[in-house]
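Colleague: Predicted model, plus sequence, below.
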Amino acid sequence: MSFTESNRSSMLASDRLRELVASIHPSRFAARLDPLLSPPTLLRLQQSSRLQPKLAGLLLGGEVDVSGANWNEDLLLGHDPRRAALLAGSIWHARSVLKLVSRHDLSILVELIGAEAHAFGIRHLSSAVATTPIADPEQLSRQIEHDGHVCLGAWLDEAPALERTRVLLRLPVGTAADNPAADYRCAAGPLLSLVMAHLRTEVARG
């Protein structure tokens, strides 16, 4: 490898590392460093180019070699995993989402899960999983988020360890994606396929 190629590879590795560390949720650092650290302190540590390799090693251990060639595309194409979870959860509970029609309840639900997730669930009503109706918008939003995160976690369980970890680290500590129930796996694949098709279309438009 020439000096120019080596220098370019080193710069690419540095960019990858910076992007990786910057995307990790602060609560993950707090859990490993000190839960009492303030958000501004965590942000300064996270943005320190000198500390970034150590922080990445702390959370990823030996799973990642940013200078290596096997740095695959992010499983969610760089999108927010919570957003992906809400989209999946809205499909899971699409029957309840569709039945929530009063202006008051609908405004609460949309405020909590977003207009995109609301419309996405209704659009994919035929793929809904849950059959027990939930009429309370706040309870429904919690279930959408919970079951969406479980689906995301179950889908990630089928991915290589590094790719899975890179997505999970962008979520706060303690979501249902960390320990997904095994009985979600059959439904998770088809739901996340719909989510990923949506996200790929968005990337293509951009």
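Modeller: That came in fine, so what should we check first?
Colleague: Distance of residue 180 relative to residue 160?
Modeller: Computed as C-beta to C-beta, to the nearest Å, the residue 180 to residue 160 distance reads 16 Å. Yep, even glycine has a C-beta here, placed from its N, CA and C like the rest.
Colleague: So for these two, which residue has more residues nearby?
Modeller: Per other C-beta atoms under 10 Å, whichever of residue 180 and residue 160 has more neighbours is residue 180, with 20 against 13.
Colleague: contacting residues for that one?
Modeller: Shown in contact with residue 180 (C-beta atoms under 8 Å, 6 or more residues apart in numbering): 149, 150, 151, 152, 153, 154, 156, 157, 188.
Colleague: what about the one helix or strand the fifth one maps to, distance to the chain center?
Modeller: Taking DSSP states H and E as the criterion, the element that holds residue 153 is helix 137-156. For helix 137-156, the gap between its own C-alpha mean and the chain's C-alpha mean amounts to 12 Å (C-alpha atoms, centre = their mean, to the nearest Å).
Colleague: List only buried entries from the contacts of residue 180.
Modeller: Buried members of those, counted by 16 or more other C-beta atoms under 10 Å: 149, 150, 151, 152, 153, 154, 156, 188.
Colleague: Look up phi and psi at the last one.
Modeller: Read that as residue 188. Reported as degrees, to the nearest 10, the phi and psi values for residue 188 are phi -60, psi -40.
Colleague: how much space between it and residue 73?
Modeller: Taking C-beta to C-beta, one finds residue 188 at 20 Å from residue 73.
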